[in-house]
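Peer 1: What follows is a protein structure lacking sequence information:
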């Protein structure tokens, strides 16, 4: 049988990043290419306790069919928490629980974009989201990043030039891959532009709770009096990614369409995992848990930045110091061939992700690569960055 | 803000069935409209045990990110089980774990159908799947059902008339909503037609293990030497729907495209639930568990059919006796207004699903309604069917 695929999957090509991941499966290779939470970060004891209680006290609730919108108690808990802590959510907003935050990207694109409509993205941005937008044949328009977030002049130019722009996709805190946090001024400016041009904002905030230094910046959604912002949260980095629980806070009118789409995709999100998140937030000291995570990542990131200072900076490699999140963005000096550097690193058994994987067009020139510090052990970080340093010493002159 | 939605969600209208569900939420209403497994059917003790063991012995495996393709041990277990028991799976096939079987419908349609492509469906068929096909703007072509499955002449006519047909959607065992099982002869004939016209078959089999009487009929996929059939299985009816675990067995070339789509939808399926299913199938007596379910449903369906014989049949209402599955399909005598019957039943506090909800065009005439017997208690069944009988006595003359 010769299969004939839809146009949308024909345009989805396997990413360069996947080639790298193949090598990372070799246990002798130091992988700095993943984005997993640190194994120390999981609240295992609490999850085991809650699980046992659920199956003792109300097993059918956790095992039977449930609502597409999500477990009502969790929706309420999130609504209250986000309103109190972050001034997120107005009268017109609701909460939808999704199977991981990735599903918010999917459902919103499905609800809004016809083929050829445009999503305005930070350049670089998270490859998983870009691929989701592409899977609905949306066209991506990249806007370059400054050290304090999207370049606002370029954003306005993009909005002017793209009448089919449907939403602006931003990861405002500790962006993946760049680690950049958008300033409060830029958040306000972005909101004003979205309003002026009648384009929505998709605010993706998986790392916001992982700030381990510096000043908290309020979400773009806290500005939203006009129903312009879809806020996307996730339990993947603060509880467990294997559970697949994310959520959207957005105007009900938008959520209703997303609910119809979700019904057709997976009916509803795993209920056990929604109950776990709900009890962790209400019956345990969730703030203390987050503080514990922040301490882990503060220490581990400081250790990693020290290694970068020691092994890579002397050879002209620069990086943006981070105040949270899981990633460091390193840039090779001009004239050094970045893809060749990453390939040679793999041969020396260290995996990093070439930065062009995060661009709207992978063929654009790029001098950067992404490092993850949360998944490897300190020993692996030491070994991996030492090897990268040796390589930099050879190729950066 | 005035929202502008994509064409695909504009065409997805809230179904008539949803109106019915609103009433079913009232606890004084007897709902015969859901399709949930019986609460007695859940293996609660086993799930509690496995869960406790997972969190004691290998918590990080259950909580960390995992593979889009699914938990490797579960994929292997399913491949082996389906090969040994049902001769399903050839060299060219693979297994993909999904977030409920619904996701198989979604990923296959996404991978195969451009807007305007055609899906050939049984008429009536499962509304959830029909809506998924519609969400990719596929056009539905219904083929009428005989008591032993799709009418094969009409299927061939549809294949001749629809050059854009991409797959035939069938629920061969205890079909939702009709309860019909396709005969072995028709399965062979359908396969031969699919081959002749170069059109795939999507075989959806959520109820196959719930046969409580009569002779087992092998899956269409057991015939597949040509890579023509996508087999879709589910743990929802035999373990737990709240867990959201389903799977596809299909040619690798198709699965690869579905995996790329799944990556963008939810990255991977909840890992805890995949581990539960795997251990239930390998470390427990899964056959004994299935036998226990069959006994529950055998007894409960016999009880229900007896009630129908007593209260509805005397007034000219017919139904198809079932040998498995969760649904009974009742047909009112000609001349009786079916939608009015269902509406009046709701006012008398009994919910059933009007049969036209399962048609490719809800406006087509239909004399049938669907009853679910697995969710209500025996007491509720008695009360609900008695009320339906009183109503039938009034309107069927």
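Peer 2: Okay, I see it. Computed from a predicted model, the values in this text were never measured in an experiment.

Peer 1: and the gap between residue A:88 and chain B?
Peer 2: 17 Å (Cβ to the nearest Cβ, to the nearest Å). For the C-beta atoms, the positions are set from N, CA and C on the backbone; glycine is no exception.

Peer 1: Check residue A:296 too.
Peer 2: 14 Å.

Peer 1: Give the full set of residues in contact with that residue.
Peer 2: Contact partners of residue A:296, counting by Cβ atoms under 8 Å, 6 or more residues apart in numbering or on different chains, are A:38, A:40-41.

Peer 1: same deal with residue A:396?
Peer 2: Contacts of residue A:396 (Cβ under 8 Å, 6+ apart): A:315-317, A:332-333, A:336.

Peer 1: out of those residues, which are buried?
Peer 2: Neighbour counting with 16 or more other Cβ atoms under 10 Å in any protein chain shown marks A:315, A:317, A:332, A:336 as buried within the contacts of residue A:396.

Peer 1: correct me, but the second one touches residue A:392?
Peer 2: Meaning residue A:317. Yes. Applying Cβ atoms under 8 Å, one finds residue A:317 in contact with residue A:392, separated by 5.5 Å.

Peer 1: which neighbours do these two share?
Peer 2: By Cβ under 8 Å, 6+ apart, the residues touching both residue A:317 and residue A:392 are residue A:332.

Peer 1: can you give me the strands for the stretch 151-300 of chain A?
Peer 2: If DSSP state E, counting those that start in this stretch is used as the criterion, the strands of the stretch 151-300 of chain A fall at A:165-170, A:200-204, A:229-234, A:246-251.

Peer 1: hmm, back to that, make JSON lines from the contacts of residue A:396 and add secondary structure, pLDDT and distance to chain B to it.
Peer 2: Output for the contacts of residue A:396, formatted as JSON lines (DSSP: H, G, I helix; E, B strand; the rest coil; pLDDT from 0 to 100; distance: Cβ to the nearest Cβ, whole Å):
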{"residue": "A:315", "secondary structure": "helix", "pLDDT": "96", "distance to chain B": "32"}
{"residue": "A:316", "secondary structure": "coil", "pLDDT": "96", "distance to chain B": "34"}
{"residue": "A:317", "secondary structure": "coil", "pLDDT": "97", "distance to chain B": "28"}
{"residue": "A:332", "secondary structure": "coil", "pLDDT": "97", "distance to chain B": "28"}
{"residue": "A:333", "secondary structure": "coil", "pLDDT": "97", "distance to chain B": "33"}
{"residue": "A:336", "secondary structure": "coil", "pLDDT": "96", "distance to chain B": "31"}
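
Peer 1: ok, back up a step: any chance of the strands of the stretch 151-300 of chain A in a markdown table, plus distance to chain B and mean neighbour count?
Peer 2: Output for these, formatted as a markdown table (distance: least, Cβ to the nearest Cβ, whole Å; neighbours: other Cβ atoms under 10 Å in any protein chain shown):
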| stretch | distance to chain B | mean neighbour count |
| --- | --- | --- |
| strand A:165-170 | 8 | 25 |
| strand A:200-204 | 8 | 26 |
| strand A:229-234 | 10 | 27 |
| strand A:246-251 | 7 | 26 |
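
Peer 1: could I get these as a markdown table with mean pLDDT?
Peer 2: Converted to a markdown table, these look like this (pLDDT from 0 to 100):
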| stretch | mean pLDDT |
| --- | --- |
| strand A:165-170 | 98 |
| strand A:200-204 | 98 |
| strand A:229-234 | 98 |
| strand A:246-251 | 98 |
